[in-house]
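*Asks:* Build me a structure from this.
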Amino acid sequence: SIGFLLLILLIHLKRRDKLFLKSHFSNDKILMLTEYIVFSIPLVCCFLIHKQWIAISELSALLIIVNLDLKARHSNLNTKLQKLIPDDAFEWKAGLRKQFFIIVPVWIIAALTSFFVGSVPIAIFILGISISTFFEKCEPYQFLWSNELSSKRLLLLKIKRQIQLFSIIVVPLIVLFLLFNFNRWYIPIAEYFLFCSLHIYSIMTKYAFFEPNIKSPAAQVFLNIGGVGLILPIFLPVIWLLTVRFYIKSVNNLNFFLDDYN
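*Replies:* Sure thing, here's the model as predicted:
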């Protein structure tokens with residue numbers, strides 16, 4: 001429930017059509033609330049089937065989210081942490097610069113409260129979603145050339161680096177969780193593998209629709225589908241199939257820029 005609400009909150013804060021809806025519809029908030037309720041129907045039905053009346057709280061929380069009108073502020077902070085990141089992982093350098101005051105406090109709080117069963121899983125969810133946004137914008141084509149790699153080798157490097165850096169952040173939290181809640185070992189480990197799948201999917205989505213210096217609308221749509229796959233595992237096979245499909249498309253797309261290195 002918390003994971004779903006965090007995902008809806010993230011979507012709501014990043015929406016770019018709120019001003020358009022407000023200008024053209026007198027009931028813009030009702031319209032957005034209806035959208036979020038439709039998204040939550042499968043989850044709410046599961047709660048009701050099992051007679052878990054948290055479903056009412058879920059709908060109440062959506063009403064609160066709709067009335068939030070916060071503007072996401074990003075810091076542009078350069079720290080020693082960025083210097084430790086390999087240069088080929090420029091997405092991480094830029095992402096940490098913008099989200100330093102989200103990622104670092106969440107990690108510290110989770111580490112200090114790891115004895116609480118919900119602390120680390122919630123933190124991994126927030127960290128995983130935040131990191132997946134690192135791949136929203138396409139880099140200049142010169143960045144592709146700097147590695148001097150073929151399309152396939154570049155994609156493998158991206159996947160390898162992503163898993164390495166994500167593991168460095170998440171694995172210590174998983175270890176702390178296991179020290180206090182070993183009987184629920186499967187929760188953070190399942191989250192870890194789910195987010196590894198989502199991040200690989202995000203990389204493939206980015207390069208499947210790669211155009212220098214833009215945020216591809218098509219990639220944004222498919223990234224949101226990947227987020228739904230985290231909440232509703234029934235969609236995970238679809239995400240895995242799309243990952244393979246987008247890998248093939250990414251190779252073909254990048255060949256245009258990296259043909260000299262093939």
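*Asks:* what packs against the lengthiest helix in the chain?
*Replies:* Looking across the chain with DSSP state H, the single longest helix is helix 151-180. For helix 151-180, the packing partners by 3 or more C-beta pairs under 8 Å, 6 or more residues apart in numbering; DSSP states H and E come out as helix 90-112, helix 119-132, helix 186-208, helix 236-258. Every residue, glycine included, has its C-beta placed from N, CA and C.
*Asks:* could you give the angle of the last one to helix 151-180?
*Replies:* Helix 236-258 and helix 151-180 meet at an angle of 140 degrees, taking axes from the mean of the first three to the mean of the last three C-alpha atoms, to 10 degrees as the criterion.
*Asks:* Could you check how far helix 236-258 is from the centre of its chain?
*Replies:* For helix 236-258, the gap between its own C-alpha mean and the chain's C-alpha mean amounts to 18 Å (C-alpha atoms, centre = their mean, to the nearest Å).
*Asks:* what's in contact with that helix?
*Replies:* Here helix 236-258 makes contact (C-beta atoms under 8 Å, 6 or more residues apart in numbering) with 141, 144-145, 149-152, 154-155, 194, 197-198, 200-201, 204-205, 207-210, 222, 225-226, 229, 262.
*Asks:* can you pull the buried residues of it?
*Replies:* Residues of helix 236-258 classed as buried by neighbour count (16 or more other C-beta atoms under 10 Å): 239, 242-243, 246-247, 249-251, 253-254, 257-258.
*Asks:* Quick check: phi and psi on residue 50?
*Replies:* Main-chain dihedrals, residue 50, degrees, to the nearest 10: phi -90, psi 10.
*Asks:* sorry, that was for residue 216
*Replies:* As for residue 216, its main-chain torsions (degrees, to the nearest 10) stand at phi -70, psi 120.
*Asks:* could you measure it against residue 136, distance?
*Replies:* Per C-beta to C-beta, to the nearest Å, residue 216 is found 9 Å from residue 136.
*Asks:* In this structure residue 12 contacts residue 29, no?
*Replies:* No. Here residue 12 lies out of contact with residue 29, judged by C-beta atoms under 8 Å, at a distance of 10.8 Å.
*Asks:* thinking again about what came up before, make JSON lines out of the buried residues of helix 236-258 and add pLDDT and distance to residue 159.
*Replies:* As requested, these are exported to JSON lines (pLDDT from 0 to 100; distance: C-beta to C-beta, whole Å):
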{"residue": "239", "pLDDT": "86", "distance to residue 159": "15"}
{"residue": "242", "pLDDT": "88", "distance to residue 159": "15"}
{"residue": "243", "pLDDT": "90", "distance to residue 159": "10"}
{"residue": "246", "pLDDT": "90", "distance to residue 159": "12"}
{"residue": "247", "pLDDT": "92", "distance to residue 159": "9"}
{"residue": "249", "pLDDT": "91", "distance to residue 159": "15"}
{"residue": "250", "pLDDT": "89", "distance to residue 159": "11"}
{"residue": "251", "pLDDT": "90", "distance to residue 159": "13"}
{"residue": "253", "pLDDT": "87", "distance to residue 159": "16"}
{"residue": "254", "pLDDT": "87", "distance to residue 159": "14"}
{"residue": "257", "pLDDT": "79", "distance to residue 159": "18"}
{"residue": "258", "pLDDT": "78", "distance to residue 159": "16"}
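*Asks:* between those residues, which is closest to residue 165?
*Replies:* Closest approach to residue 165 among the buried residues of helix 236-258 (C-beta to C-beta): residue 243, at 18.9 Å.
*Asks:* Next up, the contacts around the closest residue to residue 165 other than its chain neighbours.
*Replies:* Leaving aside its sequence neighbours, residue 165 sits nearest to residue 92 (C-beta to C-beta, 6 or more residues apart in numbering; 5.7 Å). By C-beta under 8 Å, 6+ apart, residue 92 lies in contact with 85, 134, 161, 165.
*Asks:* So for the first one, what's the pLDDT?
*Replies:* On pLDDT, residue 85 comes in at 83.
*Asks:* ditto for the second one
*Replies:* As predicted, residue 134 sits at a pLDDT of 86.
*Asks:* any idea how far it is from residue 181?
*Replies:* 29 Å.
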